[in-house]
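K.L.:
give the three-dimensional model of this entry:
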Amino acid sequence: MAVSYDTNLRLKLWLLDQARATIHAAMQQVDIAFPSLDYARLLTGRERPDEIVDFYLDLGARIVALKCGGEGALIAAREERRVIAPVPVEAVDSTGAGDAFAGGFLAYWLETGDPFEAGRRAAAVAAATIAGFGAIAPIPHRAETMAMLA
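P.N.:
Just a heads-up that it's a prediction; the model follows:
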């Protein structure tokens with residue numbers, strides 16, 4: 001059974017050391033990890049995306065989808081990793097973009113079994129999300145996502 005984990009770090013709610021211990025323990029139990037670059041730098045103490053995905057792979061994740069905001073994403077599995085370019089859009093509101101990426105990734109990973117294709121499609125889902133206002137309304141349906149990638 002594949003489970004996932006997104007590192008939504010809220011330092012107003014807990015101390016960094018407590019967050020590290022809790023999130024790293026959770027990461028030892030997941031198949032797919034969705035850390036964001038900024039949070040992962042704080043949690044891991046590593047700066048470079050390759051070092052961060054190695055850290056999470058070493059904890060046990062089979063796939064790491066490191067969300068890098070406007071720089072796209074780094075999708076990594078033990079045997080291969082690829083940078084996924086962002087889909088260019090005019091940004092309106094970034095609310096929910098990371099969650100939209102994770103949801104799109106999981107949906108397309110289950111459909112294709114290919115983490116890199118799932119990452120490419122998830123990038124389009126996130127792009128459509130930031131092109132609209134709000135966290136839910138702009139999330140595209142499958143046909144819209146595929147049209148963005150055509």
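K.L.:
doesn't residue 79 lie inside a strand?
P.N.:
No - applying DSSP: H, G, I helix; E, B strand; the rest coil, one finds residue 79 to be coil, outside a strand.
K.L.:
where does it fall, phi/psi-wise?
P.N.:
phi -90, psi -10 (degrees, to the nearest 10).
K.L.:
burial count for it?
P.N.:
5 (other C-beta atoms under 10 Å). Yep, even glycine has a C-beta here, placed from its N, CA and C like the rest.
K.L.:
tell me which stretches of the chain form strands.
P.N.:
4-6, 32-34, 63-67, 73-77, 81-84 (DSSP state E).
K.L.:
is it possible to get TSV of the ones you listed that adds distance to residue 51, mean neighbour count and mean pLDDT?
P.N.:
Listed next are the strands of the chain as TSV, based on distance: least, C-beta to C-beta, whole Å; neighbours: other C-beta atoms under 10 Å; pLDDT from 0 to 100:
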stretch	distance to residue 51	mean neighbour count	mean pLDDT
strand 4-6	19	19	56
strand 32-34	14	26	95
strand 63-67	10	27	97
strand 73-77	11	23	98
strand 81-84	12	18	98
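K.L.:
dump these into TSV; add distance to residue 137 as well.
P.N.:
Listed next are the strands of the chain as TSV, based on distance: least, C-beta to C-beta, whole Å:
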stretch	distance to residue 137
strand 4-6	21
strand 32-34	22
strand 63-67	21
strand 73-77	23
strand 81-84	24
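K.L.:
so for residue 105, which of those sits nearest?
P.N.:
strand 63-67 (5.6 Å; C-beta to C-beta).
K.L.:
who are the packing partners of the closest one?
P.N.:
strand 32-34, helix 37-44, helix 49-59, strand 73-77, helix 97-112, helix 115-130 (3 or more C-beta pairs under 8 Å, 6 or more residues apart in numbering; DSSP states H and E).
K.L.:
partners of the first one in the sheet?
P.N.:
In other words, strand 32-34. Neighbouring strands of strand 32-34 in its sheet, by DSSP bridges, are strand 4-6 (parallel), strand 63-67 (parallel).
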